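Trainee: When you get a sec, could you give me coordinates for this:
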Amino acid sequence: MPREGTGPDFIEALARGLEVITAFRPRQPVMSLTDVATATGLARPTARRILLTLAELGYVRQQSGGFALTPRVLDLGVAYVRSTGLWEVARPHLERLVERTGESCSIAQLDGSDIVYVARVSVPKIVTLAVQIGTRFPALPTSLGKVLLAALPPDEAARILAEPSRSGLRPVWRPERAEWEAELREVRARGWALTDEQLARGIRSVAAPLRDGSGRVVASVNVNAHAAETSVDVLLDDYLPLLLQTAGEISVDFARLESAPHTIRPADAVATP
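Mentor: All right, here's what the predicted structure looks like:
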């Protein structure tokens, strides 16, 4: 995260605070002051002031061995999910899709060259990679990411894929440009994407786009399966038709939500003279 903005309105202190929050990583729930300073490149006194401020606001707590995030941090991500309305619209559809397939289903959006999960209904299965809302993976080797990248102009997709992933995961499939361009052309032509153990061994999935009222792709939805339990034929012959139907239903409902009139509560109204 850059600490130097491009204009006079950039607030460096806010950027530093967010950088401290994102310094906490999986399998490292507790970090010492030195750990945080090292991970962020901040001076120890600066890191200490930020951590104590976050603690006072309820986003960090002090405990033996250092500092840890609190569940209140989830409010930051949930605020985004709620603001789009996508989760409220998609949830019943995802739940029905999970019931019909017996597999976990997720929705993701692009963030740089990664996908970030913004909605998910899971089933209790042992998989290679743990997934929850907020999890990020490199976009290209995922079915969700392929759908989102294929919806972009080729030059924009190339620019995005030139950015380094922030997922910390090294995928199985690392194609050259000519190969991934051909893959995205195929996805663009058929309207859905398949990933067969390209992100990690044992994981295969199929994904379709979610669109707003103008037809713009705003997210993607998938059915994810364990390769040892679900064949590609089952994924494509049995699950894909259900997925495409679900994607269409979510898109229709999301477009309806966007077009609905939004009322302003009296408390939110701005008084005028």
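Trainee: how far away is residue 21 from residue 76?
Mentor: Per C-beta to C-beta, to the nearest Å, residue 21 is found 8 Å from residue 76. Backbone N, C-alpha and C define where each C-beta goes, glycine included.
Trainee: correction: residue 11
Mentor: Residue 11 sits 16 Å away from residue 76, going by C-beta to C-beta.
Trainee: Which one of the two is surrounded by more residues?
Mentor: Neighbours per residue (other C-beta atoms under 10 Å) separate residue 11 from residue 76, with residue 76 holding more: 12 against 9.
Trainee: wait, is the more buried one part of a strand?
Mentor: No: counting by DSSP: H, G, I helix; E, B strand; the rest coil, residue 76 is not found in a strand; it is helix.
Trainee: Where do the domain boundaries of this protein fall?
Mentor: Following the TED database, the chain resolves into domains at 12-70, 77-259.
Trainee: Most tightly packed of the ones you listed?
Mentor: Of all the domains of the chain, domain 77-259 has the most neighbours on average by mean count of other C-beta atoms under 10 Å, namely a mean of 18.
Trainee: contacting residues for the residue positioned nearest the centre of the chain?
Mentor: By C-alpha atoms, centre = their mean, the chain has its centre lying nearest to residue 116, at 1.2 Å. Neighbour list for residue 116: 108-110, 134-136 [criterion: C-beta atoms under 8 Å, 6 or more residues apart in numbering].
Trainee: Would you reformat those as CSV and include pLDDT?
Mentor: Listed next are these as CSV, based on pLDDT from 0 to 100:
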residue, pLDDT
108, 94
109, 93
110, 93
134, 85
135, 90
136, 91
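Trainee: Just the ones of those in strands?
Mentor: Among the contacts of residue 116, the residues falling in strands (DSSP state E) are 108-110, 136.
Trainee: so which of the residues you listed comes closest to residue 228?
Mentor: residue 108 (23.6 Å; C-beta to C-beta).
Trainee: out of everything not next to it in sequence, what's closest to residue 47?
Mentor: Once flanking residues are discounted, residue 47 sits nearest to residue 37: 4.2 Å by C-beta to C-beta, 6 or more residues apart in numbering.
Trainee: Report the beta-bridge partners for the residue nearest to residue 166 when sequence neighbours are not counted.
Mentor: Nearest non-adjacent residue to residue 166, counting by C-beta to C-beta, 6+ apart: residue 114, 5.9 Å away. Counting by DSSP bridges, residue 114 forms beta bridges with residue 111, residue 138.
Trainee: ok, residue 114 - contacts?
Mentor: Contacts of residue 114 (C-beta under 8 Å, 6+ apart): 136-139, 145, 165-167.
Trainee: Let's verify residue 201: helix, strand, or coil?
Mentor: Of the three states, residue 201 takes coil under three-state DSSP.
Trainee: cool, and residue 195?
Mentor: Put simply, residue 195 is strand when judged by three-state DSSP.
Trainee: Can you check the pLDDT for residue 205?
Mentor: Here the pLDDT value assigned to residue 205 is 97.
Trainee: That one touches residue 143, doesn't it?
Mentor: Yes: the pair residue 205 and residue 143 qualifies as a contact (C-beta atoms under 8 Å) at a distance of 4.5 Å.
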